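Engineer: pasting the structure only:
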């Protein structure tokens, strides 16, 4: 199912972190209000809607991204292909498609829902808290990547053994293993059990 980048009309993408609004939710993922992005991540954190995307190439390798060094939250760490927050009123699927294109410069050739996961991960480096109701997506990317250097420092496609090796020596986002584990059933369905995910 081909998709095209969605046009963001809910919020300016070039706004500062504290000016961007996030959707606050209850434990069931029902919207209960909004909060400024930075305020929502201040301890103890406010539960808000987020998304995480796992993209694979035709060989079943997972696309990782290293977050840009200039990011205010978790700079320089490795994480899943793309993650972020829908604007208030924006469907998580549309947000995931939009943000993937904005960050990586390529649209997925396939993108499918893979469930949700709720977590609370403090980030010791920044002192911020990831209190999120996270919508998961898996898909494929076949286009050449053109990452936005303001968002992405580096990218890498990895096999499961290569991910284990990298995870042992590099710093990953506090949420990475939580969202990966939650997405594994859908990842196995996408890549096939022989891929080892």
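Structural biologist: Okay, I see it. This is a predicted model, so every value here is computed, not measured. Numbers count the residues shown, from 1 in each chain.

Engineer: Backbone torsions only: list them for the residue nearest the centre of the chain.
Structural biologist: Geometric centre of the chain, nearest residue: residue 83, 1.5 Å, by Cα atoms, centre = their mean. Main-chain torsions, residue 83, degrees, to the nearest 10: phi -150, psi 160.

Engineer: what is it paired to in the beta sheet?
Structural biologist: residue 52 (DSSP bridges).

Engineer: now it: how far from residue 196?
Structural biologist: 23 Å (Cβ to Cβ, to the nearest Å). Using the backbone N, CA and C atoms, a C-beta is placed for each residue, glycine as well.

Engineer: and what of residue 73?
Structural biologist: For residue 73, the distance to residue 196 (Cβ to Cβ) stands at 31 Å.

Engineer: For the two, indicate the residue with more neighbours.
Structural biologist: A count of neighbours by other Cβ atoms under 10 Å puts residue 73 above the other of residue 73 and residue 196, at 16 against 12.

Engineer: So the more buried one: helix, strand or coil?
Structural biologist: Of the three states, residue 73 takes coil under DSSP: H, G, I helix; E, B strand; the rest coil.

Engineer: Next: residue 188.
Structural biologist: Per three-state DSSP, residue 188 ends up helix.

Engineer: leaving aside the residues next to it on the chain, what's closest to it?
Structural biologist: Closest residue in space to residue 188, ignoring its immediate chain neighbours: residue 197 at 5.5 Å, by Cβ to Cβ, 6 or more residues apart in numbering.

Engineer: for the one you found, what are its contacts?
Structural biologist: Contacts of residue 197 were listed using Cβ atoms under 8 Å, 6 or more residues apart in numbering, and they are 60, 62, 160, 184, 187-188, 191.

Engineer: how about a cut-off of 10 Å?
Structural biologist: Applying Cβ atoms under 10 Å, 6 or more residues apart in numbering, we find residue 197 in contact with 54, 56, 60, 62, 138, 159-160, 163, 180, 183-191.
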